[in-house]
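Novice: model the structure of this input:
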Amino acid sequence: MATAVKTLHVFLNDRKIGVLSQENGQQSFQYAAAYLNDENAYPLSVSLPLTIDTYYDPAVENYFSNLLPDERIRATIAFILHVPKENTFALLKGIGADCAGAVALYEPGQTPQSQNDPVYRELSEDEAYAVLDNLGQRPLDVGDDGIRISGAGSQEKLVACVFGNRVVLPLYGTPSTHIVKPPILSFPDSVFNEYFCMKLAKACGILTPECSLLRLKGELFYVVERFDRQEIDGHPHRLHQEDFCQLLNISPQCKYQDDGGPGVEECVRQMAEMRLPANSRIQFIRLLIFNFLIGNCDAHAKNFAVLYRDGKPELAPAYDLLSTMVYENMSKKMAMNIGGENRMGMIKMEHFEKMAESCDIKPRLVRSEAKKLSAEILPQAEVLAKELDTAYPDLVYERIIWQIRKNRNLLS
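Specialist: Predicted structure coming up:
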């Protein structure tokens, strides 16, 4: 016996653009006719172009599943919501009111909280600490009244708003503006690691969102502004974005190249097809080189994204930068191959040149960027480490610098 069709209305900002449906466990998505008739309409995703036709799984599952956290956190959220962890539709019904980019999903009859009329609940220091300390049992603070926020990724985080030293929860789909991360349980210095790497990237001319450290009850938490938000008339508004798994119609379970996910060549080709400005592609190459130099082996397809401003695509600012090589029990293989090689310690300048050729980029351009970044990253890292060691002392800065020295030598 067939089950009833379940539906969620899909919005970009405050505009309903289509309907996500589920019937007998299968999903479909169709754009709204009124939206298609709007001359300013743009696609939900490059992988789901504007059309009157209905889209079905796996394309629908691949896009919408990428809005959700990774498997471990997803399973915990599913347990809290009393739904199967494989049921993307049911999970988005519960937490899809504030997703990455401008996407929001609501049941029929509901509409997004106006971005000009936000609703917040301010937390005391004790309350904020308790929420962050309990993310392992309650990811994203799911289950709290009014919390309907989804955040992709594998690390525990709180997607919220931070005003000075105050943590504020946006309710009923009010846009969040910040991501707050506690230390990773196995790597207690991860807060300092990510803060250092993000600050270093900015010092090296790589576009990054603003980040800071927040002290609650004596413990420090990493805070980063959401790059997919902008302030208009004093209120946060959403900017649409999609990561490279969404762009390339890839399941989040295949985000690593070794698991069938996108490689550098596919990402560069996609940027070319989308006609991203040339500086976006150079920014992408510089970010690849930077990740290699700091020893970030976890720069997979979901850690790169395209941001849309007035419907025009550009490479999103860098995010989730972490030196994974400083941790013995983390993989020593790059998430994306460089010129056919992914083993740290084996990648050299010739692999970057080979990568350039396969991307139809002049090898001398990549070689020039690699030499330039190699020359400037170490002095910038040493200055930054001295600065941070005064305010936030930790041994991880020197371990990252040691890794940078080692990887610079490989490009000599």
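Novice: pLDDT wise, what is E369 at?
Specialist: pLDDT recorded at E369 is 96.
Novice: how many neighbours does it have?
Specialist: 19 (other Cβ atoms under 10 Å). Every residue, glycine included, has its C-beta placed from N, CA and C.
Novice: what helix or strand is it located in?
Specialist: Assigned by DSSP states H and E, E369 falls within helix 363-391.
Novice: got the CA coordinates for the helix or strand just after that helix in CSV?
Specialist: Scanning forward in sequence from helix 363-391 by DSSP H and E, the next helix or strand is helix 396-410. This file holds the C-alpha atoms of helix 396-410, laid out as CSV (Å, rounded to 0.1, in the frame of the first residue of the first chain):
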residue,chain,number,x,y,z
VAL,A,396,50.8,23.6,18.8
TYR,A,397,52.0,26.8,17.1
GLU,A,398,55.6,25.5,17.0
ARG,A,399,54.5,22.0,15.9
ILE,A,400,52.7,23.6,12.9
ILE,A,401,55.7,25.8,12.1
TRP,A,402,57.9,22.6,12.2
GLN,A,403,55.5,21.0,9.7
ILE,A,404,55.6,24.1,7.5
ARG,A,405,59.4,24.0,7.4
LYS,A,406,59.4,20.3,6.5
ASN,A,407,56.8,20.8,3.7
ARG,A,408,58.6,23.9,2.3
ASN,A,409,61.7,21.8,1.8
LEU,A,410,59.7,19.3,-0.3
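Novice: between helix 363-391 and helix 396-410, find me the angle.
Specialist: Using axes from the mean of the first three to the mean of the last three Cα atoms, to 10 degrees, the inter-axis angle of helix 396-410 relative to helix 363-391 is 160 degrees.
Novice: what are the buried residues along helix 396-410?
Specialist: When burial is assessed from 16 or more other Cβ atoms under 10 Å, helix 396-410 yields the following buried residues: 396-397, 399-401, 403-404, 407-408, 410.
Novice: kindly report the same for stretch 48-59.
Specialist: 48, 55, 57, 59.
Novice: including distance to G205, pLDDT and secondary structure, could the residues you listed go into TSV?
Specialist: Putting the buried residues of stretch 48-59 into TSV (distance: Cβ to Cβ, whole Å; pLDDT from 0 to 100; DSSP: H, G, I helix; E, B strand; the rest coil) gives the following:
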residue	distance to G205	pLDDT	secondary structure
L48	34	97	strand
Y55	40	98	strand
D57	42	95	coil
A59	37	97	helix
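Novice: relative to K362, which of the residues you listed is nearest.
Specialist: Nearest to K362 among the buried residues of stretch 48-59: L48, at 33.6 Å, using Cβ to Cβ.
Novice: quick check: the closest one touching E61?
Specialist: No. Look at L48 against E61 with Cβ atoms under 8 Å: they stay out of range, at 11.7 Å.
Novice: which neighbours do those two share?
Specialist: Jointly contacting L48 and E61 under the rule Cβ atoms under 8 Å, 6 or more residues apart in numbering is no residue at all.
Novice: domain ranges for the protein?
Specialist: According to automatic domain parsing, the chain comprises the domains 6-106, 120-229, 243-410.
Novice: so which of these comes closest to H235?
Specialist: Using Cβ to Cβ, the nearest of the domains of the chain to H235 is domain 120-229, at 8.2 Å.
Novice: helices or strands up against the helix holding E369?
Specialist: helix 190-203, helix 278-294, helix 349-358, helix 396-410 (3 or more Cβ pairs under 8 Å, 6 or more residues apart in numbering; DSSP states H and E).
Novice: gap between it and the chain center?
Specialist: Centroid displacement of helix 363-391 relative to its chain, using Cα atoms, centre = their mean, to the nearest Å, is 24 Å.
Novice: then stretch 87-94?
Specialist: Using Cα atoms, centre = their mean, the distance from the centre of stretch 87-94 to the centre of the chain it belongs to is 20 Å.
Novice: which SSE is immediately downstream of the lowest-mean-pLDDT helix or strand in the chain?
Specialist: Lowest by mean pLDDT, DSSP states H and E among the helices and strands of the chain is helix 71-81, with a mean of 78. As assigned by DSSP H and E, the chain's next helix or strand after helix 71-81 is helix 88-95.
Novice: hang on, the earlier thing: of the buried residues of stretch 48-59, just say which sits nearest to M198.
Specialist: Within the buried residues of stretch 48-59, the smallest distance to M198 is 31.3 Å, found for L48 (Cβ to Cβ).
Novice: that closest one bridge partners, please.
Specialist: L48 forms beta bridges with S45, as assigned by DSSP bridges.
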